[in-house]
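1. Here you go, sequence then predicted model.
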Amino acid sequence: MTEKDREERRGNVVIKKLEIPKELGVKKEGCVWLEKFVKEKLEVECQVKEWRFSGKLIVVTVENEAQRREIMLNKRKLKDGTIYIERDLSWEER
């Protein structure tokens, strides 16, 4: 794995089992919806740069690593639910 790949993944968060409404086909609307989700569920202010589906997962890129760290620290607030948040790891790191 190259250093460039690691840098690209550093600001990413993987969300499992999250149902995104079908009408959010536009990338910008999805970013706003994800920001609202993180603010309501995790109580963390963040700015989503982009998001995409990767199979059944949603890969979210946040503005900087500090925001990703805040999301990871507060993911325990989803403990009782079925939604899981993890770091974006390469195949080698898994």
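-> Perfect, thanks for sending it.

2. gap between the longest helix seen in the chain and the chain center?
-> Looking across the chain with DSSP state H, the single longest helix is helix 27-42. On the basis of C-alpha atoms, centre = their mean, to the nearest Å, helix 27-42 sits 10 Å off its chain's mean C-alpha point.

3. for that helix, packing partners?
-> strand 48-54, helix 65-74 (3 or more C-beta pairs under 8 Å, 6 or more residues apart in numbering; DSSP states H and E). All C-beta spots, glycine's among them, are computed from the backbone N, C-alpha and C.

4. packing partners for the longest one?
-> This points to helix 65-74. strand 12-16, helix 27-42, strand 84-87.

5. same thing but at 10 Å, please
-> Helix 65-74 sits against strand 12-16, helix 27-42, strand 57-62, strand 84-87, with contacts defined as 3 or more C-beta pairs under 10 Å, 6 or more residues apart in numbering; DSSP states H and E.

6. tell me which residues of that helix are tucked away?
-> Using 16 or more other C-beta atoms under 10 Å as the test for burial, helix 65-74 gives 67, 68, 70, 71.

7. What of stretch 21-33?
-> 30, 31, 33.

8. pretty sure residue 68 is touching residue 60, no?
-> Yes - contact criterion C-beta atoms under 10 Å: residue 68 and residue 60 qualify, at 9.1 Å.

9. so what sits against both of these two?
-> 11, 12, 13, 46, 88 (C-beta atoms under 10 Å, 6 or more residues apart in numbering).
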